[in-house]
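Participant: make a model of this:
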Amino acid sequence: MQKNTWDDHYARRAREENWLARSVYKLQEIDRRFKIIRKGNRILDLGCYPGSWSQYALRTAGPQGHVAGIDLKKPERLSALKFQFIQADIFSIDIQTLQQNLGPRDVVLSDLAPQTTGAPATDTSRSLALSEQALKIAEAVLERSGRFVCKLFEGGEIKDFQASVADRFERVRLFRPQATRKRSREIYLIGMGFT
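Facilitator: All right, here's what the predicted structure looks like:
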């Protein structure tokens with residue numbers, strides 16, 4: 001019988017601790033290090049399926065907080081009074097309508113990932129397009145001093161994107177959480193203090 005390479009320490013721990021996916025540990029580490037989510041925060045989670053980032057955000061923001069999640073696929077196993085799901089493609093969503101319907105947000109999280117092809121240049125380019133759209137959405141909905149967390153793939157024009165984020169935030173950091181798989185090219189860009 002072949003071993004499931006996706007079933008690692010973090011996946012087993014997520015099941016034991018009742019998280020919806022192992023990716024929660026990436027956000028948890030980012031949050032502990034950079035203090036992204038605070039009590040009572042209003043959060044937008046882009047690419048929210050399967051729901052572990054929204055689940056973590058709900059717990060961390062507490063009963064006064066609110067999380068809205070956008071994805072093509074509904075996180076069926078996540079249901080909470082303070083969670084609002086919007087089924088949409090972030091490239092076709094009307095950002096102005098989104099802004100009006102959601103109101104201002106303290107945090108925008110993006111764990112968006114492209115359908116990978118195995119061709120590094122193509123995958124990086126697709127990841128960058130998702131990141132750029134996430135930044136456009138963040139600009140529209142973030143409160144002044146808000147925070148932004150965005151996954152992207154290393155390579156390509158990451159420096160240009162980092163510079164774009166730096167133009168809009170007081171502090172910008174690149175961070176690779178320990179829960180990121182060894183072979184993965186994922187890295188997270190964190191913007192703090194939206195201006």
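Participant: which residues are contacting the lengthiest helix in the chain?
Facilitator: Secondary structure assigned by DSSP state H gives helix 120-141 as the longest helix of the chain. By CB atoms under 8 Å, 6 or more residues apart in numbering, the list of residues contacting helix 120-141 from outside reads 44, 46-47, 90-91, 93, 95-96, 98-99, 102, 104-105, 108, 110, 112-117, 146, 148, 150-158, 161, 164-165, 168, 185, 189, 191, 194. To be clear about C-beta, it is placed using only N, CA and C from the backbone, and glycine gets the same treatment.
Participant: go again with 7 Å.
Facilitator: The contact list for helix 120-141 (CB atoms under 7 Å, 6 or more residues apart in numbering) reads 44, 46, 90-91, 95, 98-99, 102, 104-105, 108, 110, 112-114, 116-117, 148, 150, 152-153, 155-157, 161, 164-165, 168.
Participant: pLDDT of that helix, averaged?
Facilitator: Helix 120-141 carries an average pLDDT of 95.
Participant: can you identify the element that follows it toward the C-terminus?
Facilitator: strand 142-153 (DSSP states H and E).
Participant: can you give me the angle that next one makes with helix 120-141?
Facilitator: Comparing the axes of strand 142-153 and helix 120-141 via axes from the mean of the first three to the mean of the last three CA atoms, to 10 degrees yields an angle of 170 degrees.
Participant: to what extent is the residue lying closest to residue 39 once chain neighbours are set aside buried, counted in neighbours?
Facilitator: The shortest distance from residue 39 to any non-neighbouring residue, by CB to CB, 6 or more residues apart in numbering, is to residue 62 (4.8 Å). Applying other CB atoms under 10 Å, we find 13 residues neighbouring residue 62.
Participant: got phi/psi on residue 62?
Facilitator: phi 80, psi -170 (degrees, to the nearest 10).
Participant: do you know the pLDDT at it?
Facilitator: Per the predicted model, pLDDT is 97 at residue 62.
Participant: show me where this protein has helices.
Facilitator: With DSSP H as the criterion, the chain has helices spanning 9-16, 24-34, 52-61, 95-102, 120-141, 158-166.
Participant: surely residue 34 touches residue 190?
Facilitator: Yes - with contacts counted by CB atoms under 7 Å, residue 34 reaches residue 190, the gap being 5.3 Å.
Participant: for these two, indicate the residue with more neighbours.
Facilitator: Per other CB under 10 Å, whichever of residue 34 and residue 190 has more neighbours is residue 190, with 20 against 17.
Participant: tell me how far the more buried one lies from residue 163.
Facilitator: 15 Å (CB to CB, to the nearest Å).
Participant: helices and strands around the helix or strand of the chain with the lowest mean pLDDT, which ones?
Facilitator: Lowest on mean pLDDT, DSSP states H and E among the helices and strands of the chain sits helix 9-16, with a mean of 82. In terms of contacts (3 or more CB pairs under 7 Å, 6 or more residues apart in numbering; DSSP states H and E), helix 9-16 is packed against no helix or strand at all.
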